[in-house]
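Asks: model the structure of this input:
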Amino acid sequence: MAAMSSHGHQSTDGALSTTLTYDATFQTLPIQTTNALGQPSTTGYGAATDAHAGFGLWPTAYTDVWGNDMAHPAARSGLNVRRS
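Replies: Okay, here's the model as predicted:
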């Protein structure tokens, strides 16, 4: 899914916080989270036409800030796993 928009906060004293980037299809699913250190983690979702992946609403893969790919817990229940 292509990125739609990012939302984040910067305090008045200049300290940074988490930024979220949302999917383009539903504009509600977080596909990337970037922490205050600028380290991104990503979440992958199934295709919007795939019933086994919740029609694009269920997370199927996750990559942490160190680049480790992990199957999302929902994928362990027998759903198709797609790595992003």
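
Asks: from here on, just use CA atoms for contacts and neighbour counts.
Replies: Fine.

Asks: I'd like the next helix or strand past the least confident helix or strand in the chain by mean pLDDT.
Replies: Every helix and strand of the chain was ranked by mean pLDDT, DSSP states H and E. The lowest is strand 3-10, at a mean of 52. As assigned by DSSP states H and E, the chain's next helix or strand after strand 3-10 is strand 16-23.

Asks: packing partners of that next one?
Replies: Counting contacts by 3 or more CA pairs under 8 Å, 6 or more residues apart in numbering; DSSP states H and E, strand 16-23 packs against strand 3-10, strand 30-34.

Asks: list phi and psi for residue 55.
Replies: As for residue 55, its main-chain torsions (degrees, to the nearest 10) stand at phi 50, psi 40.

Asks: any idea how far it is from residue 37?
Replies: Residue 55 sits 33 Å away from residue 37, going by CA to CA, to the nearest Å.

Asks: these two: which is more packed in?
Replies: residue 55 (13 against 9; other CA atoms under 10 Å).

Asks: my guess is that one contacts residue 26. True?
Replies: No - applying CA atoms under 8 Å as the test, residue 55 and residue 26 come out as separate, 11.1 Å apart.

Asks: model confidence over stretch 62-82, on average?
Replies: Across stretch 62-82, pLDDT averages out at 68.

Asks: identify the residue spatially nearest to residue 47, adjacent ones excluded.
Replies: Once flanking residues are discounted, residue 47 sits nearest to residue 56: 4.7 Å by CA to CA, 6 or more residues apart in numbering.

Asks: tell me which residues touch the one you found, please.
Replies: Counting by CA atoms under 8 Å, 6 or more residues apart in numbering, residue 56 touches 45, 46, 47, 48, 49, 50.

Asks: buried subset of those?
Replies: Buried by 16 or more other CA atoms under 10 Å: 45, 46, 47, out of the contacts of residue 56.

Asks: now residue 33: how far from residue 23?
Replies: Where residue 23 is concerned, residue 33 sits at a distance of 12 Å (CA to CA).

Asks: meant to ask about residue 51, not that
Replies: From residue 51 to residue 23 the distance is 18 Å (CA to CA).
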